[in-house]
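>>> pasting the structure only:
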């Protein structure tokens, strides 16, 4: 029997994204979704969600994937998978000049810490904060959100190039197709995380 995985999201939009990736990459892989936007607000306010997340993780029949970058380190400490680890591993393999963009300030530290630990000082990492884009995502204006992220990245890369671009948050993945003409690796977390999840939870 196929195993199933529990995915924790802090935005409803990610359910469709990961279901579509599952259908493409690993049809038949069981997924259950828990959507808790309040958890992101609570952790940004300084609350400790260890007990809440541990209780949720205990419900997972198979793997446990957290698609929220801010909550990722806690999920990983509880034995789950953080959505950005496979992507950051790929970025470290490419190396050189890495540009990491993010739209939520609470994402910066966990994302940067993970990427730095992966590169081990062998690469130069620059960050591009885009907090002005986040309200668009919260309002459900995803097309404008992705266009703003892509436009800001295009302008930044025109001034100073990079060898690889990392879109730190899963919500930013839709900006990648808008930058395909640049000929650069534009790394996003949902696809790489689903590949890793399918590899670990395939049919037995």
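Looks like it arrived, so ask away. Every value quoted in this text rests on a predicted model; they were computed, and no experiment measured them.

>>> When you work out contacts or count neighbours from here on, use the C-alpha atoms and nothing else.
Will do.

>>> so where do the helices sit in the chain?
Ranges of helices within the chain are 13-25, 37-44, 50-57, 72-77, 85-94, 105-119, 134-138, 142-159, 189-201, based on DSSP state H.

>>> What is the last one packed up against?
Counting by 3 or more Cα pairs under 8 Å, 6 or more residues apart in numbering; DSSP states H and E, the packing neighbours recorded for helix 189-201 are helix 13-25, helix 85-94.

>>> that older thread, and the helices of the chain as JSON lines, adding distance to residue 168?
Converted to JSON lines, those look like this (distance: least, Cα to Cα, whole Å):
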{"stretch": "helix 13-25", "distance to residue 168": "15"}
{"stretch": "helix 37-44", "distance to residue 168": "16"}
{"stretch": "helix 50-57", "distance to residue 168": "22"}
{"stretch": "helix 72-77", "distance to residue 168": "12"}
{"stretch": "helix 85-94", "distance to residue 168": "9"}
{"stretch": "helix 105-119", "distance to residue 168": "7"}
{"stretch": "helix 134-138", "distance to residue 168": "13"}
{"stretch": "helix 142-159", "distance to residue 168": "12"}
{"stretch": "helix 189-201", "distance to residue 168": "7"}
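
>>> what's the neighbour count on the residue nearest to residue 176 when sequence neighbours are not counted?
Distances taken as Cα to Cα, 6 or more residues apart in numbering put residue 186 closest to residue 176, at 5.9 Å, once the chain neighbours are dropped. Residues near residue 186, counting by other Cα atoms under 10 Å, number 20.

>>> what's near enough to touch the residue nearest to the spatial centre of the chain?
Closest to where the C-alpha atoms of the chain average out (Cα atoms, centre = their mean) is residue 170, at 3.5 Å. Contacts here follow Cα atoms under 8 Å, 6 or more residues apart in numbering; on that basis residue 170 touches 14, 67, 68, 69, 83, 84, 188, 189, 190.

>>> could the residues you listed go into JSON lines alongside distance to residue 97?
Shown next, in JSON lines, are those (distance: Cα to Cα, whole Å):
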{"residue": "14", "distance to residue 97": "29"}
{"residue": "67", "distance to residue 97": "26"}
{"residue": "68", "distance to residue 97": "25"}
{"residue": "69", "distance to residue 97": "22"}
{"residue": "83", "distance to residue 97": "22"}
{"residue": "84", "distance to residue 97": "19"}
{"residue": "188", "distance to residue 97": "17"}
{"residue": "189", "distance to residue 97": "19"}
{"residue": "190", "distance to residue 97": "22"}
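
>>> so which two of these are the farthest from each other?
Farthest apart among those by Cα to Cα are 14 and 84. That separation is 14.1 Å.

>>> Between the two, which has more neighbouring residues?
A direct count of neighbours by other Cα under 10 Å for residue 14 and residue 84 places residue 84 higher, at 28 against 20.

>>> gap between the more buried one and residue 160?
25 Å (Cα to Cα, to the nearest Å).
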